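**Student:** Here is a sequence with its predicted model. Questions after.
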Amino acid sequence: MRCCVLAFTLAFSIAGQFASAQSPDPAGASPQNSPAPGPCRENCPQTPTKPPAAKPDSPDKSPAKPHKVLTNDDIDARPHDITMEGTRDLLQQVNTCDRACFDQVAQRAGLNGGAGPRWKLALLESIDAVKADSTWQGNLGEIIGVQGLACETQAKKTEDLRRYADSRNVTPSELAVEREYEPKLREIHNRLNAALDRANAHITKTSPGNLQSQYMHLQVDKIVHATCTINVPAPPEDTDDPADL
């Protein structure tokens, strides 16, 4: 009997220890109330600075577009429309001989009304021969080029005189303009005389008769005495950007 009681007591003791190990300690399960920390006074961690928030829909303000100021060099660089006798292709004009041209050639050649129609046929043949003469066409083109340069230079001189000269008095500014353009115009005049000398020499060398010779001289005279105008295209308007407004 005593052994049985001991065995039961031992089993109950082991069961009680196992139950004590499985059940949590009520004192350890509940957290202890700790006092709140005081304000930091030394070696406190710095709070990271928050970057400023970007403003939505903020337009990027671009610098204002500078306005272009046109100078005389800009105007001179623009293409010039040189017009003589109302047409740009003066060479084509002088190579065309209408009825008035026929009358002028006949007057130059000393032909009267009783000459008959034969001279007109001869003049038509001379016109075709002159058109086919490449050297002569080159002479005419050279004279046209020099005349165009003279026209443009004279137009610039007139414009400078209009800006700087006084219509009532002779001023130093006016004389300065005259001195500036005098050597330019003299050089152009010399070039024109040299081109005319070459043209006259070619007429003497190649012209088979008086009729063709007078027609070729008439061509040169039309170029030399052609009136010319200078038309400089207007510069494009300087439109402002929306950011400038």
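**Tutor:** That came through fine. Residues are numbered from 1 along each chain as shown.
**Student:** just checking, what packs against the host helix or strand of M216?
**Tutor:** Taking DSSP states H and E as the criterion, M216 maps to helix 210-224. Helix 210-224 sits against helix 90-94, helix 99-109, helix 118-132, helix 134-164, helix 172-206, with contacts defined as 3 or more C-beta pairs under 8 Å, 6 or more residues apart in numbering; DSSP states H and E. For every residue, glycine as well, the C-beta is placed using N, CA and C.
**Student:** and if we set it to 6 Å?
**Tutor:** In this structure, helix 210-224 packs against helix 99-109, helix 118-132, helix 134-164, helix 172-206, with contacts taken as 3 or more C-beta pairs under 6 Å, 6 or more residues apart in numbering; DSSP states H and E.
**Student:** so which of those comes closest to Q219?
**Tutor:** With C-beta to C-beta as the criterion, Q219 lies closest to helix 134-164 of the helices and strands packed on helix 210-224, at 6.3 Å.
**Student:** any idea of the mean pLDDT in the helix holding M216?
**Tutor:** Average pLDDT, helix 210-224: 95.
**Student:** Contacts for it next, please.
**Tutor:** 94, 104-105, 108-109, 122-123, 126, 143-144, 147, 199, 203, 207 (C-beta atoms under 6 Å, 6 or more residues apart in numbering).
**Student:** Kindly calculate the angle that it makes with helix 99-109.
**Tutor:** Using axes from the mean of the first three to the mean of the last three C-alpha atoms, to 10 degrees, the inter-axis angle of helix 210-224 relative to helix 99-109 is 120 degrees.
**Student:** Okay, buried residues for helix 210-224 please.
**Tutor:** 211-220, 222-223 (16 or more other C-beta atoms under 10 Å).
**Student:** do the same with stretch 125-133
**Tutor:** Across stretch 125-133, burial judged by 16+ other C-beta under 10 Å covers 126-127, 129-130.
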